[in-house]
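Undergrad: Here you go, sequence then predicted model.
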Number of protein chains: 2
Amino acid sequence: MVTRDRRRRVTITDVAEHAQVSTTAVSKVLRNAYGVSEAMRLKVQAAIDELGYRPHNAARAMRGRTFTIGVLLPHIRNPFFADILDGLTDEISASGYQAIMVQSGGNDPAAERRASDALVDRQVDGVLWVAPVCPRGQLEKLAKDIPLVVLGRHDRSALYDCVLDDDEVGAELVVEHLIALGHRRIAHITQKDTVGGRTALLHTIRAATYERMMTEHGLADHIAIAATSYTEEGGYDGARELLVRDPRPTAIFAGADQAAFGALAAVHEAGLSVPGDISVAGYDNARLTGLAHVALTSVDQDGAIMGQTAGRLLLERIAGRTAAVRFSVTPTLVARRSTASPGPSLLGE
Amino acid sequence: MVTRDRRRRVTITDVAEHAQVSTTAVSKVLRNAYGVSEAMRLKVQAAIDELGYRPHNAARAMRGRTFTIGVLLPHIRNPFFADILDGLTDEISASGYQAIMVQSGGNDPAAERRASDALVDRQVDGVLWVAPVCPRGQLEKLAKDIPLVVLGRHDRSALYDCVLDDDEVGAELVVEHLIALGHRRIAHITQKDTVGGRTALLHTIRAATYERMMTEHGLADHIAIAATSYTEEGGYDGARELLVRDPRPTAIFAGADQAAFGALAAVHEAGLSVPGDISVAGYDNARLTGLAHVALTSVDQDGAIMGQTAGRLLLERIAGRTAAVRFSVTPTLVARRSTASPGPSLLGE
DNA sequence: GAAAAGATGGGTAACGTTACCCACCACGTC
DNA sequence: GACGTGGTGGGTAACGTTACCCATCTTTTC
């Protein structure tokens, strides 16, 4: 490897020399530490500005904080994640923290593990983990080392905080809405489990609630689930699978908007119309999806608020809180044009 | 701040003691450095595995490399960025590098600056900057310190590499396609410039090419541009602005798919149909947008290839290359159902 | 068989920052 | 006037890693 002749960084020592004080004094000013006179503060600040000094993060990391929050996202194709990230950024940037993101690779536990390790190696001060699929034990192990907030899982843990929306309520709203419109053959698209036996994952809860609601309304015989993934591709594949069933469902409840979009594509491709031939509903209602030209009925969970809260909880944990907090938002249904009563011809069993 | 009693990290010293060798030897094994016998390698590797040792990134950063690539994305709402990121990850992960992302805040130069500083502070080994809006000088300044690849700008610089698609060809393809279908009143949605006098930005080139093509085809009088942004919101606002013009355009060429989706929403909201009343075309053709239920005519630039190439170029630069490279992909038109010939009633001037 | 060349392992001084301690000064207080 | 008591400022030893150098030991060459 060739060493680039990049000009040497301005260090705390340079600032100290320039201001004719000790490095300790400069460090104290930087950290707003106790024991600095106003005169000292001004003098050092002037030197900092003059030299264009910026603290070296890696060096800080060796001693303590990095002022960095790590965010693990399954992928960046879901605009709902963008809402979360915006909320988080809002909350933490005032405290001088910076968010860095790493893709955790959707549904693959090994990739997820690598991503989480990458953040630990980079010595982040806290982690926001969105929709992890790993076993709970792994989360707790991480939480022992680093302040952790998990978003979108229904675990209960004494070691980390949880931010979630009430997926049971959300799924109930959708199924009730469809039933109220007159649907009986309501199908569901969910995410395939890659690790056995999880019940705290949000897609598991949405699917279980769908089944429960169907059963409670005497529609157990019409339960139809396609287990693919919460992506456009997954929605597309899932819908194709559901559409060939006989009799065909009159409504599809996709567990996520992205999957609903994929389902819409499959429905159109099959020559069917929405909501004339089939109703489609999603979940997430990311900002601006209301704009989408086929206005999708969806469940609104306020991603920005969730991200903001996650940020606040992380800052609190970094500041020393150890008691676990659970923050739950109550979702609401936003009915749009992708759902309607089934035509009379569709009602026959 | 409370100090957490996190158990001490396993360090290279622990590994050295456990394997009964020097820290230098361990370090050499870790870096695949010269001067290590096979026996030594195995012994050290065994100790590493046994203790679950992971190199401390911050400590590495103080001495040299961090094995981290920083990616600056304007935002994460555009699936095209996901394609780029996937390509990059593919390319660099085999070399032990990890990508971390930071949002650069779309169209705001100050936010962009903060984001780029954040990566420099975190001592990344290289930066992939997607669609920067800052002045060229700032890019060159950064490139003097860190290997830099810029994606989506048509600058020429001796200090950094460029990965881009030929936006002139792409825009030509769209305008030609629309003209060939019989359109004359073709409007364009572009991004508003926040910094004066850039001509190397991709949206500037797409817009300029649109104007040139219109002029060359004798349609200069029909040039209509809405300058908003390359987002769903921007497309929505832009289309609303264009739709009230009299006479109304028969086609809208949005400079990005996201904007096209917003435009579609506005068109539908205005009670118009696509492509019956108005054709809409986009640009990017992110993977899976072909799935979208209204199949959008778009310009395909292979984001995965672009990301992959960017990764390769960065690794080369990190390895010591200093000569600047420019990699350009030639886009292709993917005509789908959102564009068609205008109805006869729409052709009148 | 001596010298050169190659292969392998280790010692050590940084890298930039901060936590912890100590030293000093100017006050009041008894 | 001796003695605390805050309020300031500085010295220094880490933190974990690696680049650079040197010390062996083995093999090859004349």
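TA: Yep, it's here.
Undergrad: Tell me how many other residues crowd the residue of chain A found nearest DNA strand C.
TA: Going by C-beta to the nearest atom of the strand, DNA strand C is nearest to residue A:12 of chain A, at 2.9 Å. Heads up, the C-betas are built off the backbone N, CA and C, glycines and all. The number of residues packed near residue A:12 is 21, by other C-beta atoms under 10 Å in any protein chain shown.
Undergrad: Give me the nearest residue to residue A:28, chain neighbours excluded.
TA: Nearest residue to residue A:28, sequence neighbours excluded (C-beta to C-beta, 6 or more residues apart in numbering or on different chains): residue A:36, at 5.0 Å.
Undergrad: Now for the one you found: which residues touch it?
TA: Applying C-beta atoms under 8 Å, 6 or more residues apart in numbering or on different chains to residue A:36 gives the contacts A:25, A:28-29.
Undergrad: same thing but at 10 Å, please
TA: By C-beta atoms under 10 Å, 6 or more residues apart in numbering or on different chains, the contact list for residue A:36 reads A:25-26, A:28-29, A:44.
Undergrad: Do you know the pLDDT at the residue of chain A closest to DNA strand C?
TA: pLDDT for residue A:12: 92.
Undergrad: that older thread, so which of the contacts of residue A:36 belong to strands?
TA: Counting by DSSP state E, no part of the contacts of residue A:36 is found in strands.
Undergrad: Nearest to residue B:239 among those residues?
TA: Closest approach to residue B:239 among the contacts of residue A:36 (C-beta to C-beta): residue A:29, at 51.8 Å.
Undergrad: The closest one: how many residues sit nearby?
TA: 22.
Undergrad: Go ahead and confirm it touches residue A:39.
TA: No. Residue A:29 is beyond contact range of residue A:39, at 11.3 Å (criterion: C-beta atoms under 10 Å).
Undergrad: Am I right that the residue nearest to residue A:28 falls within a helix?
TA: No. Counting by DSSP: H, G, I helix; E, B strand; the rest coil, residue A:36 is not found in a helix; it is coil.
Undergrad: For it, give me the backbone phi and psi.
TA: phi -130, psi 130 (degrees, to the nearest 10).
Undergrad: so where's chain A uncertain?
TA: A:1-8, A:195-199, A:288-293, A:344-349 (pLDDT under 70).
Undergrad: Please enumerate the strands of it.
TA: So, for chain A - with DSSP E - the strands run A:68-73, A:98-103, A:126-130, A:148-151, A:161-165, A:186-191, A:224-228, A:251-254, A:279-281, A:298-300, A:326-329, A:332-334.
Undergrad: In contact with residue A:17: list those residues for me.
TA: A:11, A:23, A:26, A:47, A:51.
Undergrad: hang on, the third one packs against residue A:46?
TA: No. Contact criterion C-beta under 10 Å: residue A:26 and residue A:46 do not qualify, at 11.6 Å.
Undergrad: Overlap in contacts, these two.
TA: What both residue A:26 and residue A:46 touch, as defined by C-beta under 10 Å, 6+ apart, is the set A:15, A:18-19.
Undergrad: which ones among the residues you listed are found in helices?
TA: Under the assignment DSSP state H, the shared contacts of residue A:26 and residue A:46 contribute A:15, A:18-19 to helices.
Undergrad: would you turn the residues you listed into JSON lines with neighbour count?
TA: Shown next, in JSON lines, are those (neighbours: other C-beta atoms under 10 Å in any protein chain shown):
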{"residue": "A:15", "neighbour count": "25"}
{"residue": "A:18", "neighbour count": "18"}
{"residue": "A:19", "neighbour count": "21"}
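Undergrad: Which of those sits closest to residue B:130?
TA: Using C-beta to C-beta, those come closest to residue B:130 at residue A:15, 33.4 Å.
Undergrad: Against residue B:56, how distant is whichever residue of the stretch 51-200 of chain A sits closest to DNA strand D?
TA: Proximity of the stretch 51-200 of chain A to DNA strand D (C-beta to the nearest atom of the strand) peaks at residue A:62, 3.3 Å away. Distance, residue A:62 to residue B:56, using C-beta to C-beta, to the nearest Å: 8 Å.
Undergrad: Which one's more surrounded, those two?
TA: Remark: of residue A:62 and residue B:56, residue B:56 carries more neighbours, 20 against 15, as counted by other C-beta under 10 Å.
Undergrad: Around DNA strand C, which positions in the stretch 1-150 of chain A sit nearby?
TA: Within the stretch 1-150 of chain A, the residues that sit near DNA strand C (C-beta under 7 Å from any atom of the strand) are A:8-9, A:11-13, A:23-24, A:27, A:30-31, A:33, A:53, A:55-56, A:59-60, A:62-64.
Undergrad: just the buried members of these?
TA: Among those, the ones that count as buried by 16 or more other C-beta atoms under 10 Å in any protein chain shown are A:11-12, A:27, A:30, A:53, A:55-56, A:59-60.
Undergrad: now those residues in CSV, with distance to residue A:175?
TA: Formatted as CSV, those follow (distance: C-beta to C-beta, whole Å):
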residue, distance to residue A:175
A:11, 61
A:12, 60
A:27, 59
A:30, 55
A:53, 59
A:55, 53
A:56, 55
A:59, 55
A:60, 51
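Undergrad: Considering those, which is situated nearest to residue A:279?
TA: The closest of those to residue A:279 turns out to be residue A:60 (C-beta to C-beta; 54.2 Å).
Undergrad: Confirm for me that the closest one is in contact with residue B:58.
TA: Yes. With contact defined as C-beta under 10 Å, residue A:60 counts as touching residue B:58 (8.0 Å).
Undergrad: and for those two, which residues touch both?
TA: Counting by C-beta under 10 Å, 6+ apart, the residues touching both residue A:60 and residue B:58 are A:66, A:123.
Undergrad: burial count for the residue of the stretch 201-349 of chain A found nearest chain B?
TA: Nearest residue of the stretch 201-349 of chain A to chain B: residue A:320, at 3.4 Å (C-beta to the nearest C-beta). Using other C-beta under 10 Å, residue A:320 has 11 other residues around it.
Undergrad: Please tell me how far it sits from residue A:147.
TA: 9 Å.
Undergrad: what does residue A:60 give?
TA: 17 Å.
Undergrad: Now do the helices in chain A.
TA: Counting by DSSP H, the helices of chain A are A:12-19, A:23-30, A:38-51, A:57-63, A:79-93, A:109-121, A:136-145, A:167-180, A:202-216, A:232-243, A:257-269, A:303-318.
Undergrad: Quickly compare those helices and say which is most buried.
TA: helix A:257-269 (a mean of 26; mean count of other C-beta atoms under 10 Å in any protein chain shown).
Undergrad: And that one, what does it pack against?
TA: The contact analysis (3 or more C-beta pairs under 10 Å, 6 or more residues apart in numbering or on different chains; DSSP states H and E) places helix A:257-269 against helix A:79-93, strand A:186-191, strand A:224-228, helix A:232-243, strand A:251-254, strand A:279-281, strand A:298-300.
Undergrad: Export the ones you listed to CSV and append columns for distance to residue B:119.
TA: What follows is these, written out as CSV (distance: least, C-beta to C-beta, whole Å):
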stretch, distance to residue B:119
helix A:79-93, 15
strand A:186-191, 33
strand A:224-228, 36
helix A:232-243, 30
strand A:251-254, 37
strand A:279-281, 40
strand A:298-300, 34
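Undergrad: among the ones you listed, which is nearest residue B:170?
TA: helix A:232-243 (23.3 Å).
Undergrad: Can you tell me which of the contacts of residue A:36 is closest to residue A:99?
TA: Scanning the contacts of residue A:36 for proximity to residue A:99, where the rule is C-beta to C-beta, the winner is residue A:29, at 25.5 Å.
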